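In: Turn this into a model:
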Amino acid sequence: MANFDSGVKAYITGECTVKVHFPIDYRGNAEVNCYQCKLFSRNTGVCQLTKEVSEYPTKYIGSNCPLIFSGEINDTKENLT
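Out: Okay, the predicted model is just below:
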């Protein structure tokens with residue numbers, strides 16, 4: 001077990017990849033905003049990735065959103081893993 005009584009010498013960084021799916025209706029209209037994201041807390045208005053309050057979460061993606069959008073569209077539920 002580590003002993004940090006004299007401080008921290010360095011850190012080890014871990015990284016992960018997260019997939020988030022946003023809905024598209026049958027007319028082709030996408031609903032891409034924080035409110036539709038599974039990582040957004042509707043109770044607090046805070047993104048669970050950045051721990052920051054999202055601006056206008058029902059209309060836009062937060063200015064500090066770390067998600068990168070590929071433009072790929074999955075049209076079946078089987079592809080949403």
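
In: ok, now which ones touch R27?
Out: Under the criterion of Cβ atoms under 8 Å, 6 or more residues apart in numbering, R27 has no neighbours. For glycine as for every other residue, the C-beta is placed from the backbone atoms N, C-alpha and C.

In: and it, what pLDDT?
Out: Listed pLDDT for R27 reads 95.

In: same thing with K77?
Out: In this model, K77 carries a pLDDT of 65.

In: repeat for C65
Out: 94.

In: can you tell me how far it sits from N74?
Out: Going from C65 to N74 by Cβ to Cβ, to the nearest Å gives 20 Å.

In: Comparing those two, which shows the higher neighbour count?
Out: C65 (20 against 12; other Cβ atoms under 10 Å).

In: V20 against C37, yeah?
Out: Yes - if you go by Cβ atoms under 8 Å, V20 and C37 touch, sitting 5.4 Å apart.

In: any residues in contact with both of those two?
Out: L67.

In: the more surrounded of the two?
Out: Neighbour totals were compared for V20 and C37, and C37 leads with 23 against 14 (other Cβ under 10 Å).
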